[in-house]
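Visitor: What would the 3D arrangement of this be:
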Amino acid sequence: MIKINGENKDIDNVLLTDYLAENGYRPERIAVECNEMMVPKAEYENFVLHSGDVVEIVSFVGGG
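Guide: Numbers count the residues shown, from 1 in each chain. Sure thing, here's the model as predicted:
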């Protein structure tokens, strides 16, 4: 079980890029924190989400 943006997800050992793609996130428009540590965009392709992780995905919104 992984907690993503406050919701429990029944997933384990999934690549961050796969999760983002499956859920419609655009990597260039988000920031990801896992267990209170920022995940650098360069590591998204190799970063594996494991059971017990707490993830926050923040989308950037433009405006004026």
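
Visitor: The nearest residue to I4 once chain neighbours are set aside pairs with what?
Guide: Excluding the flanking residues, the one nearest I4 by C-beta to C-beta, 6 or more residues apart in numbering is V55, at 4.6 Å. Glycine gets a C-beta too; all of them are placed from N, C-alpha and C. V55 has these beta-bridge partners by DSSP bridges: I4, C34.

Visitor: Would you agree V55 is in contact with E36?
Guide: No - contact between V55 and E36 fails when scored by C-beta atoms under 8 Å: they sit 10.3 Å apart.

Visitor: okay, those two: which has more neighbours?
Guide: Between V55 and E36, counted using other C-beta atoms under 10 Å, the more crowded position is V55 (18 against 7).

Visitor: got the contact list for that one?
Guide: Residues in contact with V55, defined by C-beta atoms under 8 Å, 6 or more residues apart in numbering, are 2-5, 32-34, 49.
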